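Engineer: My questions concern the predicted model and sequence given below.
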Amino acid sequence: MGWQKMRVAGASAIALLMMTGCAAAGNDSPAAEQPLRVVGQFELHSLDPSTAGGFFTRLQVAETLVDADVKGVLQPGLAEKWDVSADGLSWGFTLRSGALFHDGTAVTAEAAAASLNIAQGKAGTPLATVPVKGISAVGDSVRVDLTEPYAPLPAVMAHTSTQILAPSSYGTDRSITKIVGSGPYRVKHIEQPAHIDVAAFEQWQGKKPAISEVTYQAVGRSESRALMAESAQSDVTFGMDPTSLQRIKQAGKLDIAAVTLPRSILLKVNAGHEMLGDVKVRRALSLALDREAMATALLRDREMAATQLFPPSLPEWHQDSATPLTHNPSEARKLLAEAGWAPGSDGILERNGKKFSVTLRTFPDRPELPILATAIQAKLKELGIALDVKVGNSSEIPAGHKDGSLELALFSRNYALVPDALVTLAEDFAPAGSDFGAMGWNDPALTEALNALASGKDVDKSAENRRKVNEILQTQLPVIPVAWYRQSAVVSPRVEGLVLDPLERSWRLSDLTWKK
Amino acid sequence: MVSLTTKPMTQATTQPGSSAGRTLHPALGTTARVLGRRAFQAAGVVVLVSTACFAMVQSLPGDIAFRIAAGRYGYDQVTAASADSVRAELGLDQPAWLQFLDWLGGLVSLNLGNSLVTGASVAGELGLNLASSLQLAAVALILALMVGTTAGALAAARPGGILDRLTTVWVSVTRALPPFLLGLVLILLFAVHLGVLPAAGHGEAKNIVLPAATLAVGLSGLFARVTRDTMAQIRQSDYVRFADTKGLGSWLVFVRHVIRNTGVTLIAYVGVQVLVLIEGVVVVESLFAWPGLGHALVHAIFWRDIPMIQAAALALALLVVAMNTLVDLATAAVDPRPRHKEAVL
Amino acid sequence: MTNAVAMQELLPASAGDSKRPKWLANRSATQLVSAGLLAVLVIFAVAGPLIWPGHAVQDLSRFLEAPGAGEPLGRDHLGRSVIARLAHATQLSLVMSVLCVSAALLFGSLAGIAAAWRGGWIDSVLHGLSEVFIALPALLVVLVVSAIANGDLWTLCLGLALAQWVEYFRMVRARSGLVLAGPAVEAAGLFQLGPVHVIRRHLLPELRPLLTTMATFGVGSSILALSTLGFVGIGVRPPTPELGLMITEAFPFYHEAPWMALAPVLVLTTILIGLLGLRSKESPA
């Protein structure tokens, strides 16, 4: 069998070489009928909306009840309107009439409620943390009953894990066997983990997408993605590393779309730790970081140096008036001395005979994290803090949080997993702490402010509460902000109209057009 | 990648035809013997590899449920809660030996189980990876053989000549060049500058050319060297000289003796290289986004996707047996020694 | 690959190798040049870290600085001296690969001799063990061990050694079997000269040329394997400089800072070419 196969393969190899010779000639004028080629770093591991990484909402195959525009303002999605009872315990989402699933069946409230009930049962999704009593279909609307008021519910209904799929998507055991959504594009072909082909859905009610076919390909290495963009092999390329982006910018042949994300790179600190529990030490760590130099040299974008936890792309939470976090090694030394740390014979700080030596965990899925960790390591060493950097798996952070062994962790946190940052913040800074938030730290004033925001009462006090949250985080530093994040996509000259969504909810490919 | 692998051929393959000619029906007897022995070996390998593999994965540090949750939910959403739900769903609280028995039970009924991370059938996912790997290996091998043996044969025609020396240089350079550098150079040249080939990806026929070429360049040096040395040696050997003095035309000598004898040696190396190619091209797979077995294995280990690791290891191990079998059979078919007796004496 | 390469080098020439009286005596020009190259690299690996000690010292304001008077190879993306990192990396890669190969060679050879000498159940057990390792994908062994290692250098070394010992074992076992069954050893047995004598006088001379060749290629492939692990994101932990890690880190900067990317590749290639050339059997004639 092997030899037979090889003969076939050999013949095909020769044929290939010939074909490529021919292809070279006719490569200059790509036909407009060719699909739009999108390349990104993420692989599709599962069809399940709770774990599919938002692929099908990004590709506009599936819709959520609530949508959001590029500013994060909630918009009608599959639900054209929603309302809440006076006691805040019962929500109704009225479905858009005439919406069709890709299998031709109508989108019914029953189907939507069924999807949401399944989503609600999955751990680790935003909907699972909402105090839901029941989700049911009432006429043409989906009714959500709560056990206590929860103002950000519509924002949660915009999260990708709450996408509404047709009953034919589910197998007998309620697992997803295929994706039948209701968006402008329908799934044509999926080859896990690297390929998704979609085509425009003919019966889509809205404006027909100008680009009728899209293929997505996952490519793990950022250098490879950059090379694909440069060789005109992809039309829209996501996940550019800083240096490749610089090169492409300088070459000037390709367009670059960019948007700052509501994502921050931060240091999680175990505040229950004997060395890190002292707020002076946390401030010293923060003062030790030269954020501007790191942003300039490593992210190649000086503006991404964080001066506070919330990036300007979260306008409600970002406070222009906040005292910016700065780099000041001498002040840091002073704070450490006040906390009782003095340099030992080897230059490492000591207190009561114990060396200041801590471990930082991070992971390589975002390539800038290990590099930033290395820079932080060098800066802390200047202060006399020995930092051991462990580059491992992202799960080691929640695992270390759970068993209390975590000391420091470096990761990037998306505060707009759901369009309202409050949902993520309330979880991250809950009094008991959270996997990617506070650890061994809580502040009653902060908890009170977050609870007031979540209850939806006293709306006129919301801005004041957000300011208070920001101020407490800025002075107490349960997490130490390092950098903000700008998402870039390289766009080929064949297409125009790409507007990046800072919430990373949708790639808005239906808005793209072929360039004339 | 030049490779992490060291996959020696069994002794039998390096002593071609040692027992082949003595049975009554040489071809048939050899085939049956080879297949019988290999089938026995395959059964042993399955048991050994699955046990060893399971033991190794169990000894890995860290909470498996957390790792799997990270694979499923991604770094933005892996939490203790998701890990707990994974643990409950997959029954990871069971004692290890029970999980192992489950897996063995599945294996007996030819069910490799489902991936812990994606939930999809392991057989399906592995099939894709295996097919991609075999495809890449085959094309790379063909390219390398075409270039390598031609260069080697030409070099052997005149040992010490210019061509011979050029081949030596080529051999050293290709073997010392790290594959990621070579791959990058090829991409820059053929994809970015000339625009004739896709830089990376999988799915279109054209995608295979650059990764295969990257692998083939490294291999071609090796094949050129083996071909050249073996041919030069055989040309010096007594029976070729005898054939020459007997008055056989030089072309006939070449075909009948030199090619066949070189083939025997070459087949053994090709066998080794196929295994190296399939197992050990992680770098090339990663650079060109090629969904091969190496890529799958790296991910599976990173996520502790136990059924996937075991199935991938099993597939690779069986491939070793299959390839050795093929080499044995091919050697028996090509080896001129038994015929040599009849034809010349 | 080690094995493939080594076997390829061994097969056609094994007769010649054993006939050669002292392989130091007649070296070809290629071998001399290769030895020279390697010597220069070893000097760089030994002296370099002393001349440029600060491989982890960063100056973020000078990232990707081009080569200049003070910094012959410029600075990397974190503003670290590339030459200092390269010197440390060369040292580390050489030491680690030599250690890997030594461990594999020592264990493989001892096991091989033991198996050939004692035979019986020892042979069966060791042979069975080697069969398991052959069937287990080497990639899996290395990946699993490096997952356990989590960046720890010595464990990583052990992983590579585990993947390599089998070939030494098989070779030594096969060859020792022939030698031990030979008349010379039988005679030694009659004279009751003891195992030390047999190993020194009969086994080692027979095995040495083969083992040197295999080890030479082993060092080369260990260095490449280490660099490969770095490329797929497992391997040593920062800021330890290792050739593979340096290449991986520098890889995205091939356009912006080619000096940074090329320097470690050049060192890696030189080591490999040097090792290949050292074993080149190109006759002086």
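Structural biologist: Nice, thanks for sending it over. From a predicted model like this one, the values you see are computed outputs, not experimental measurements.

Engineer: Spit out the contact partners of the closest residue to residue A:89 other than its chain neighbours.
Structural biologist: Distances taken as C-beta to C-beta, 6 or more residues apart in numbering or on different chains place residue A:146 nearest to residue A:89, at 5.0 Å, with adjacent residues excluded. Placement of C-beta: from N, CA and C, glycine included. Residue A:146 is in contact with A:88-91, A:130-133, A:153, counting by C-beta atoms under 8 Å, 6 or more residues apart in numbering or on different chains.

Engineer: How about residue C:246?
Structural biologist: So residue C:246 contacts C:85-86, C:89, C:230, C:263-264 (C-beta under 8 Å, 6+ apart).

Engineer: now the helices for the stretch 301-450 of chain A?
Structural biologist: Secondary structure of the stretch 301-450 of chain A (DSSP state H, counting those that start in this stretch): helices at A:329-338, A:368-383, A:396-403, A:421-428, A:444-455.

Engineer: Check which helices and strands the longest one is in contact with.
Structural biologist: Identification of packing neighbours for helix A:368-383 by 3 or more C-beta pairs under 8 Å, 6 or more residues apart in numbering or on different chains; DSSP states H and E yields strand A:255-269, helix A:279-288, helix A:291-297, helix A:329-338, strand A:357-362, strand A:386-391, strand A:408-414, strand A:479-491.

Engineer: now do the fourth one
Structural biologist: Contact here means 3+ C-beta pairs under 8 Å, 6+ apart; on that basis helix A:421-428 packs against helix A:126-129, helix A:153-156, strand A:408-414, helix A:444-455.

Engineer: CA-only coordinates of the second one in CSV, if you can.
Structural biologist: Pointing back at helix A:153-156 there. The C-alpha trace of helix A:153-156 is given here as CSV (Å, rounded to 0.1, in the frame of the first residue of the first chain):
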residue,chain,number,x,y,z
LEU,A,153,-28.2,40.7,31.6
PRO,A,154,-28.7,42.1,28.1
ALA,A,155,-24.9,42.4,27.8
VAL,A,156,-24.5,38.7,28.8
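
Engineer: That one: how far from the chain's middle?
Structural biologist: 17 Å (C-alpha atoms, centre = their mean, to the nearest Å).

Engineer: Show the average pLDDT along it.
Structural biologist: Helix A:153-156 carries an average pLDDT of 92.

Engineer: for it, packing partners?
Structural biologist: Helix A:153-156 sits against strand A:66-68, helix A:421-428, with contacts defined as 3+ C-beta pairs under 8 Å, 6+ apart.

Engineer: shouldn't residue C:132 be in contact with residue B:53?
Structural biologist: No. At 10.4 Å, residue C:132 does not count as touching residue B:53 under the criterion of C-beta atoms under 8 Å.

Engineer: More neighbours: those two, which one.
Structural biologist: Set residue C:132 next to residue B:53 and count neighbours by other C-beta atoms under 10 Å in any protein chain shown: residue B:53 wins out with 24 against 16.

Engineer: The more buried one is in what secondary structure piece?
Structural biologist: Element membership for residue B:53 (DSSP states H and E) is helix B:26-58.

Engineer: One more: residue C:126?
Structural biologist: Using DSSP H and E, residue C:126 maps to helix C:120-135.

Engineer: mean confidence for the helix or strand just after that helix?
Structural biologist: As assigned by DSSP H and E, the chain's next helix or strand after helix C:120-135 is helix C:138-149. Taken as a whole, helix C:138-149 has a mean pLDDT of 75.

Engineer: Check which helices and strands helix C:138-149 is in contact with.
Structural biologist: Counting contacts by 3+ C-beta pairs under 8 Å, 6+ apart, helix C:138-149 packs against helix B:26-58, helix B:293-303, helix B:306-334, helix C:153-181, helix C:204-231.

Engineer: Mind doing that once more with 7 Å?
Structural biologist: On a contact count with 3 or more C-beta pairs under 7 Å, 6 or more residues apart in numbering or on different chains; DSSP states H and E, helix C:138-149 meets helix B:293-303, helix C:153-181.

Engineer: Which of these sits closest to chain A?
Structural biologist: When the helices and strands packed on helix C:138-149 are compared by C-beta to the nearest C-beta, helix B:293-303 sits nearest chain A, at 6.6 Å.

Engineer: at contact distance from chain C, anything in the closest one?
Structural biologist: Yes. Using C-beta under 7 Å from any C-beta of the partner chain, helix B:293-303 reaches chain C at B:294, B:297-298, B:301.

Engineer: between those residues, which has the most around it?
Structural biologist: residue B:294 (32 neighbours).

Engineer: And that residue, how close does it get to residue C:142?
Structural biologist: Residue B:294 sits 11 Å away from residue C:142, taking C-beta to C-beta, to the nearest Å as the criterion.

Engineer: now do residue B:86
Structural biologist: Plainly put, residue B:86 is 27 Å away from residue C:142 if you go by C-beta to C-beta.

Engineer: Can you lay out the helices and strands packed on helix A:153-156 as JSON lines showing mean neighbour count, mean pLDDT and distance to residue A:310?
Structural biologist: Below are these laid out as JSON lines (neighbours: other C-beta atoms under 10 Å in any protein chain shown; pLDDT from 0 to 100; distance: least, C-beta to C-beta, whole Å):
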{"stretch": "strand A:66-68", "mean neighbour count": "22", "mean pLDDT": "92", "distance to residue A:310": "18"}
{"stretch": "helix A:421-428", "mean neighbour count": "22", "mean pLDDT": "89", "distance to residue A:310": "8"}
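
Engineer: Could I get those in a markdown table, plus columns for distance to residue C:31?
Structural biologist: Listed next are the helices and strands packed on helix A:153-156 as a markdown table, based on distance: least, C-beta to C-beta, whole Å:
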| stretch | distance to residue C:31 |
| --- | --- |
| strand A:66-68 | 69 |
| helix A:421-428 | 64 |
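
Engineer: which stretches of the stretch 351-500 of chain A have low pLDDT?
Structural biologist: Counting by pLDDT under 70, the stretch 351-500 of chain A shows no low-confidence range.

Engineer: How about the residues of it by chain C?
Structural biologist: Counting by C-beta under 7 Å from any C-beta, the residues of the stretch 351-500 of chain A near chain C are A:364, A:370, A:373-375, A:377-378, A:389-392.

Engineer: residues in contact with residue A:44?
Structural biologist: A:52, A:55, A:192-193, A:196, A:218 (C-beta atoms under 7 Å, 6 or more residues apart in numbering or on different chains).

Engineer: Can you verify residue B:110 is assigned to a helix?
Structural biologist: No. According to DSSP: H, G, I helix; E, B strand; the rest coil, residue B:110 belongs to no helix; its state is coil.

Engineer: measure it to residue B:264 for me?
Structural biologist: Distance of residue B:110 to residue B:264, given as C-beta to C-beta: 36 Å.

Engineer: Same check on residue A:156?
Structural biologist: Using C-beta to C-beta, we find residue A:156 at a distance of 69 Å from residue B:264.
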